[in-house]
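Student: build me a model:
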Amino acid sequence: MSKEIERAVIAACLLSAGTAAHALGNAVGHCNKAYEVTITNMTYAQVLSPPLAATHVPSRHLYAVGEPAGEGLAVLAEGGDTSVLTGELEDDPGVCDVQTAADVVPPGASISVIVRGSDRTVLSVATMLVNTNDGFAAADGMPLPRPRGETLRIVPAYDAGSEENDESCLHVPGPACGGEGVSVADGEGFVHVHRGVHGGDGLDPAIHDWRNPVARISARRIR
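Tutor: Numbers count the residues shown, from 1 in each chain. Okay, here's the model as predicted:
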């Protein structure tokens, strides 16, 4: 291939990518509406990590049951760290806004975070069950409410499938163990409903197990 043809091909690819990004930007709309997202911990012993909330076009997804977890979600599900997923979302032109709540959510407690969005976007939320290997609670693609309205979703616990559920305190970051939050052993390889705590080297099912659902997620338009 000549250099002239190569440059033409590269230019065409860049133009195509720019057109796609512009189209996504138009699909997002004006992200000038504010929503209060509230996450309530419905468990009696699991602590939820600071939840991440994002608004985005409906074609974007944080996860899909039966599919492998992306890097950002895996990092969140294994250690409660939202920074990688935040970076992924902020680089996506189909995303309006992404915010992480200021603190953890103890059993029975609630926390709220404000995100911007538009009439063309939906809401997704994710938070780790910190006394697990890679358990998380999440809602994907929730409709955003109209003024004076509210949307609500009650969600189960999911397993990211990125880390083995050895329930060893070496690999569980929550207050029950204080481990590193990561294991060298791979998990099942896909997102699925979590099977709960069965008793390993550190976690007691009588204390740290749960029955679904584990979280209540609501959103209301505030301006």
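
Student: show me where the chain has its helices.
Tutor: Using DSSP state H, the helices of the chain run over residues 3-28, 71-79, 83-90, 205-208.

Student: of these, which shows the lowest average pLDDT?
Tutor: With a mean of 48, helix 3-28 has the lowest mean pLDDT of these.

Student: show me which helix or strand of the chain is least confident by mean pLDDT.
Tutor: Here the helix or strand of the chain ranked lowest by mean pLDDT, DSSP states H and E is helix 3-28, holding a mean of 48.

Student: now the strands for this structure?
Tutor: 33-41, 52-56, 95-100, 110-117, 122-128, 135-143, 150-155, 157-159, 192-193, 215-221 (DSSP state E).

Student: and the last one with strand 150-155, angle?
Tutor: Comparing the axes of strand 215-221 and strand 150-155 via axes from the mean of the first three to the mean of the last three CA atoms, to 10 degrees yields an angle of 160 degrees.

Student: average model confidence for strand 215-221?
Tutor: Strand 215-221 comes out at a mean pLDDT of 98.

Student: low-confidence ranges, the protein, go.
Tutor: For the chain, residues meeting the criterion pLDDT under 70 lie at 1-27, 184.

Student: residue closest to the middle of it?
Tutor: Taking CA atoms, centre = their mean as the criterion, Ala126 is the residue nearest the geometric centre of the chain, at 3.0 Å.

Student: and it, what are its bridge partners?
Tutor: Leu52, Ala138 (DSSP bridges).

Student: in stretch 144-161, what counts as buried?
Tutor: Leu144, Pro145, Thr151, Arg153, Val155, Ala157, Tyr158, Asp159, Ala160, Gly161 (16 or more other CB atoms under 10 Å). C-betas here are computed from N, CA, C, even on glycine.

Student: so Ala219 sits right up against Glu36, yeah?
Tutor: Yes - checked against CB atoms under 8 Å, the pair Ala219 and Glu36 is within contact range at 7.0 Å.
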